[in-house]
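Participant: no FASTA, just this:
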């Protein structure tokens, strides 16, 4: 995994979906929804969602968006 930093666009990796995954997490992973990294706290990243709300996700579940279209 590449080093994720504030200002990067990331998405939730599909491989992070399991039987305990919440609905929004699985939906956004499947649709490859991009998030803007606006902060970090230990192993978690503060992400800005499309609806202008924030969520925190562990870095191990994220991947960098390389192609913005």
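Facilitator: Nice, thanks for sending it over. Please read all numbers here as calculations on a predicted model, not as lab measurements.

Participant: Give me the sheet partners of the helix or strand where residue 57 lies and which way each runs.
Facilitator: Secondary structure assigned from DSSP states H and E places residue 57 in strand 54-58. Next to strand 54-58 in the sheet, as set by DSSP bridges, lie strand 44-48 (antiparallel).

Participant: list the buried ones in the partner strand?
Facilitator: Within strand 44-48, the residues that qualify as buried are 44, 45, 46, 47, counting by 16 or more other Cβ atoms under 10 Å. Using the backbone N, CA and C atoms, a C-beta is placed for each residue, glycine as well.

Participant: just stretch 33-41 next, same as before
Facilitator: Counting neighbours by 16+ other Cβ under 10 Å, stretch 33-41 gives 34, 35, 36, 37 as buried.

Participant: And the strands in the protein?
Facilitator: Secondary structure of the chain by DSSP state E: the strands cover 9-12, 35-41, 44-48, 54-58, 62-64.

Participant: Residue 20: which of these is closest?
Facilitator: Distance to residue 20, taken as Cβ to Cβ, is lowest for strand 54-58 among those, at 13.3 Å.

Participant: neighbours around residue 3, how many?
Facilitator: Neighbour count of residue 3, defined by other Cβ atoms under 10 Å: 7.

Participant: what's the answer for residue 58, then?
Facilitator: Burial of residue 58 is recorded as 11 neighbouring residues (other Cβ under 10 Å).

Participant: In contact with it, which residues?
Facilitator: Remark: with contacts taken as Cβ atoms under 8 Å, 6 or more residues apart in numbering, residue 58 is in contact with 43, 44, 45.
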